[in-house]
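*Asks:* this is a predicted model, with the sequence first.
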Amino acid sequence: IIPAPYWLSYPEMVKLAGATPVIVKTTEANEFKITPDQLLSAITPKTKLFILNSPSNPTGTVYTKEEIKALADICLDKGVFIMSDEIYEKLVYDGTEHVSAASFSSDHYSNTIIVHGFSKAYSMTGWRLGFLAAPEPIAKAIDAIQSHSTSNPTSFAQRGAIAALTGPHDHLNVWLSEFSRRRNYAWRRLNEIPGITCINAKGAFYLFPNISSFGLSSTEFCAQLLEKELVAAVPGIAFGADECIRISYATSMENIEKGLDRLERFCKSLSK
Ligand SMILES: Cc1ncc(COP(=O)(O)O)c(C=O)c1O
């Protein structure tokens, strides 16, 4: 079970494993969060795994402790594992707290597969290193596949990872205040554009504005935006939400200002 909007690789990963992705659409009005009722009604005797990603790519949504607990309780009760993708754990704003689905009890811990990586909070994106924590039989099965597919991570990347995990995290304070400044600026500018609505992100470094009022598919909208204004945004359809586009604020304030000026001009030209 995958709540949409989702990180675009999840459905493909599920298919690669020979399983069937069951997509549950969430709403902007509910901050793109799956509700306990939605999860319950999607679970069948065939359900194996619930994929949770908080903070979320593409929406920037962060579930509260109570919300995660409610979802985790249902999974525990129904015998469904949770794969909790916590790769944006360190990137949260406005005093928001990241809570892991594994943290509530030893039963929750044993029912959770945490996936994580070094790309986001440590800028080690090109180093291709991630990690997971899972019940031993699952970790062993994953290891068996991994060792014959991607083999082993490079030794220098492993040393870098140790430094990242055990070293000072001072950079994060600087990053978080800068990301938050860019996020608030971009969010305000987006909502000032007639025809666009956008909820503010609580984590990660994306905003997911709704562009459906312009009457274009997200692919067509992004293609025209690129063609006419040289601004790259990702069509929401890739994340299972054709009414939105994804923008990233992991770039300079100058670029964000320029990009939003151009997006604004583009939207005005569509409204004429
Ligand atoms: C939610 C989420 N999970 C996992 C990844 C994978 O990151 P990487 O392959 O860089 O470790 C990404 C990257 O964008 C992501 O957004």
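*Replies:* Now that the structure is in, tell me what you want to look at.
*Asks:* CA atoms of the helix or strand containing residue 258 as PDB?
*Replies:* If you go by DSSP states H and E, residue 258 is part of helix 253-271. Extracted C-alpha coordinates of helix 253-271, given in PDB (Å, rounded to 0.1, in the frame of the first residue of the first chain):
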ATOM      1  CA  MET A 253      17.700  32.200  -3.100                       C
ATOM      2  CA  GLU A 254      18.700  34.000  -6.300                       C
ATOM      3  CA  ASN A 255      17.700  31.000  -8.500                       C
ATOM      4  CA  ILE A 256      14.500  30.600  -6.500                       C
ATOM      5  CA  GLU A 257      13.500  34.200  -7.000                       C
ATOM      6  CA  LYS A 258      14.300  34.100 -10.700                       C
ATOM      7  CA  GLY A 259      12.500  30.800 -11.100                       C
ATOM      8  CA  LEU A 260       9.400  32.000  -9.400                       C
ATOM      9  CA  ASP A 261       9.400  35.300 -11.400                       C
ATOM     10  CA  ARG A 262       9.400  33.200 -14.500                       C
ATOM     11  CA  LEU A 263       6.700  30.800 -13.200                       C
ATOM     12  CA  GLU A 264       4.500  33.800 -12.300                       C
ATOM     13  CA  ARG A 265       4.900  35.200 -15.800                       C
ATOM     14  CA  PHE A 266       4.200  31.800 -17.300                       C
ATOM     15  CA  CYS A 267       1.000  31.400 -15.300                       C
ATOM     16  CA  LYS A 268      -0.200  34.900 -16.200                       C
ATOM     17  CA  SER A 269       0.300  34.100 -19.800                       C
ATOM     18  CA  LEU A 270      -1.800  30.900 -19.400                       C
ATOM     19  CA  SER A 271      -4.600  32.900 -17.800                       C
END
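*Asks:* return the set of buried residues in it.
*Replies:* Of all the residues in helix 253-271, those buried under the rule 16 or more other Cβ atoms under 10 Å are 256, 259-260, 263-264, 266-267, 270. In short, each C-beta sits where N, CA and C put it, glycine included.
*Asks:* try stretch 7-26
*Replies:* Result for stretch 7-26 [16+ other Cβ under 10 Å]: buried residues 7, 10-11, 14, 21-22, 24, 26.
*Asks:* please enumerate residues in contact with that stretch?
*Replies:* For stretch 7-26, the surrounding residues in contact (Cβ atoms under 8 Å, 6 or more residues apart in numbering) are 1-6, 32-34, 38-39, 42, 47-49, 51, 53, 56-58, 85, 238-241.
*Asks:* can you narrow these down to the ones near the ligand?
*Replies:* 53, 57, 85 (Cβ under 6 Å from any ligand atom).
*Asks:* burial measure for the second one, as a count.
*Replies:* If I follow you right, that is residue 57. 23 (other Cβ atoms under 10 Å).
*Asks:* quick check: mean pLDDT across stretch 43-50?
*Replies:* For stretch 43-50, mean pLDDT is 98.
*Asks:* tell me how far that stretch lies from the chain's centre.
*Replies:* Centre-to-centre, stretch 43-50 and its host chain are 22 Å apart (Cα atoms, centre = their mean, to the nearest Å).
*Asks:* kindly report the same for stretch 239-250.
*Replies:* On Cα atoms, centre = their mean, the centre of stretch 239-250 falls 11 Å from that of its chain.
*Asks:* could I get the buried residue list for that stretch?
*Replies:* 239-249.
*Asks:* before we move on, the earlier item: which single one of the buried residues of stretch 7-26 is nearest to the ligand?
*Replies:* The shortest approach to the ligand among the buried residues of stretch 7-26 belongs to residue 7, at 3.8 Å (Cβ to the nearest ligand atom).
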